[in-house]
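Colleague: All I have is the shape, not the residue letters:
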């Protein structure tokens, strides 16, 4: 019941944000959410590398997200050297910060690796969500439907009918039956959206939805893997029935960048 009550509050708020918030206001909301999730990630990171400068993560994530969002804005000319500069800033900056923080050498690899992974892991989705909303709020609505409906179907079907474990060492409660249900519901959401918004089924968009649905479930599993490695069940207690912000955003962290990239490759979303 807590899960349903929380969703009943969060979903309307998400829809208001998608359709009512103007550009950079929507980006600031996304950046704030992923930064909150990054704080939870850093808290887990301290369990495996307590001497690493984890404070760098919630500082670097919104900065990197803003740079990426600016680069995705139409009219902005971005070339390979720009991308190289961002990558170098993350690698060199976090590496040097870890060094200057006098991180114990036995924790250095875990610390640098967690920080270097964490920045694009949280920053890219914030920029992708911003760009999708600017491109077409209804496309972002579709992404929300794929992720939220697929996640709910996987949870409830898996809880009641799950028999075969999907990844027992990573997430013992997830099942193949739940995953199949989540995938089927996500696919149905894409088909219904196409009929509703386009009046016909767009095969390319359905194919994109299929890949996004898979990415969504993989995002959930990756977060479960990282939490299990740190020895915790939930990333936080902010959202009753869901855990923390990271727990709620885990699937979207993979799904949003994947959807934007596939839409660009398919020509559904114009290049900057």
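Modeller: Ah, there it is. Keep in mind that what you see is a predicted model, and the values were worked out from it rather than measured.

Colleague: quick one: low-confidence parts of the stretch 151-272 of the chain?
Modeller: Within the stretch 151-272 of the chain, the segments meeting pLDDT under 70 span 162, 239-242, 269-272.

Colleague: Would you map the helices across it?
Modeller: 176-197, 203-230, 245-266 (DSSP state H, counting those that start in this stretch).

Colleague: So which elements touch the helix ranked longest in the chain?
Modeller: Looking across the chain with DSSP state H, the single longest helix is helix 105-135. Applying 3 or more C-beta pairs under 8 Å, 6 or more residues apart in numbering; DSSP states H and E, we find helix 105-135 packed against helix 23-48, helix 56-72, helix 80-100, helix 137-161, helix 245-266. Every C-beta, even on glycine, is put in place using the N, C-alpha and C of the backbone.

Colleague: where's the shortest one relative to the chain centroid, distance-wise?
Modeller: The chain centre lies 14 Å from the centre of helix 56-72; the measure is C-alpha atoms, centre = their mean, to the nearest Å.

Colleague: do the last one as well
Modeller: Centre-to-centre, helix 245-266 and its host chain are 5 Å apart (C-alpha atoms, centre = their mean).

Colleague: Flag every buried residue along it.
Modeller: Using 16 or more other C-beta atoms under 10 Å as the test for burial, helix 245-266 gives 245-264.

Colleague: thinking residue 164 is in contact with residue 179, fair?
Modeller: No - using C-beta atoms under 8 Å, residue 164 is not in contact with residue 179; the gap is 9.7 Å.

Colleague: More neighbours: which of these two?
Modeller: residue 179 (24 against 11; other C-beta atoms under 10 Å).

Colleague: Excluding residues flanking it in the chain, which one is nearest that one?
Modeller: Spatial nearest neighbour of residue 179, excluding adjacent residues (C-beta to C-beta, 6 or more residues apart in numbering): residue 166 at 5.4 Å.

Colleague: How about the contacts made by the one you found?
Modeller: 174-176, 178-179, 221 (C-beta atoms under 8 Å, 6 or more residues apart in numbering).

Colleague: out of those, which one sits closest to residue 34?
Modeller: residue 221 (19.0 Å; C-beta to C-beta).

Colleague: wouldn't that closest one be in contact with residue 173 here?
Modeller: No - the criterion here is C-beta under 8 Å, and residue 221 misses it with residue 173 at 11.8 Å.

Colleague: Counting neighbours, go ahead and name the busier of those two.
Modeller: Neighbour count, other C-beta under 10 Å: between residue 221 and residue 173, residue 221 has more, with 18 against 13.

Colleague: Please report how far the more buried one lies from residue 126.
Modeller: Using C-beta to C-beta, to the nearest Å, one obtains 21 Å as the distance from residue 221 to residue 126.

Colleague: tell me the average confidence for the longest helix of the chain?
Modeller: Across helix 105-135, pLDDT averages out at 94.

Colleague: what is the orientation angle of it with helix 203-230?
Modeller: 150 degrees (axes from the mean of the first three to the mean of the last three C-alpha atoms, to 10 degrees).
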